[in-house]
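*Asks:* using only what follows, build the 3D model:
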Amino acid sequence: MDFSAVNWLAVVAAAIVAWLFGAAWYMSLSKPWLKAAKLDPATMKKSPLPFVISFIAELVMATVMALVVGAMTGGEPTWIAGLVFGFVLWLGFVATTLSVNHRYENFDWDLTLIDGGHWLGVLLIIGAVIGWFGAAAT
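*Replies:* Numbering: from 1, shown residues only. Okay, the predicted model is just below:
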């Protein structure tokens, strides 16, 4: 893997935009998500840690996406290629994992749809931003 080909500005921008999307997604779906996740806001511990972890995870995702899209496009990514790879990676790894985990955890499909929709949006955004910024300047 050639990390020198990663456009680090694109990685950081993609992670920021994806994180903001997640904030808006879960703010707008907070009540159905809490119900689906079987959580009571009154008993939840308030901590910034989940927000920090999600941003770090999105930085990792954006880095991996930059590597994948860069390698698969011969170093010439486009926003369309980013969208396609975002969808394919979501379908192959995220949708399947959430579907399996939520069934074992005895959650209903509404949680899978809410969480899966979030991660689909995240990966589409990351892919599009990575592709839009293009390859790293050499």
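*Asks:* where does the chain dip in pLDDT?
*Replies:* Low-confidence segments of the chain, defined by pLDDT under 70: 138.
*Asks:* can you tell me which residue is spatially central in it?
*Replies:* Centroid-nearest residue in the chain: residue 122, 3.4 Å away (criterion: Cα atoms, centre = their mean).
*Asks:* what sits against that residue?
*Replies:* Contacts for residue 122 (Cβ atoms under 8 Å, 6 or more residues apart in numbering) come out as 18, 21-22, 58, 61. (Glycine included, C-beta is placed from N, CA and C.)
*Asks:* how about a cut-off of 7 Å?
*Replies:* Neighbour list for residue 122: 18, 21-22, 58 [criterion: Cβ atoms under 7 Å, 6 or more residues apart in numbering].
*Asks:* most neighbours, which of these?
*Replies:* Among these, residue 18 has the most neighbours (other Cβ atoms under 10 Å), with 28 neighbours.
*Asks:* tell me which helix or strand it sits in.
*Replies:* Secondary structure from DSSP states H and E places residue 18 in helix 8-28.
*Asks:* same thing with residue 46?
*Replies:* Secondary structure (DSSP H and E) places residue 46 outside all helices and strands.
*Asks:* tell me, how many residues neighbour it?
*Replies:* 5.
*Asks:* just want the angle from the helix or strand harbouring the residue nearest to the centre of the chain to helix 8-28.
*Replies:* Assigning secondary structure by DSSP H and E places residue 122 in helix 109-133. Angle of helix 109-133 versus helix 8-28, following axes from the mean of the first three to the mean of the last three Cα atoms, to 10 degrees, is 150 degrees.
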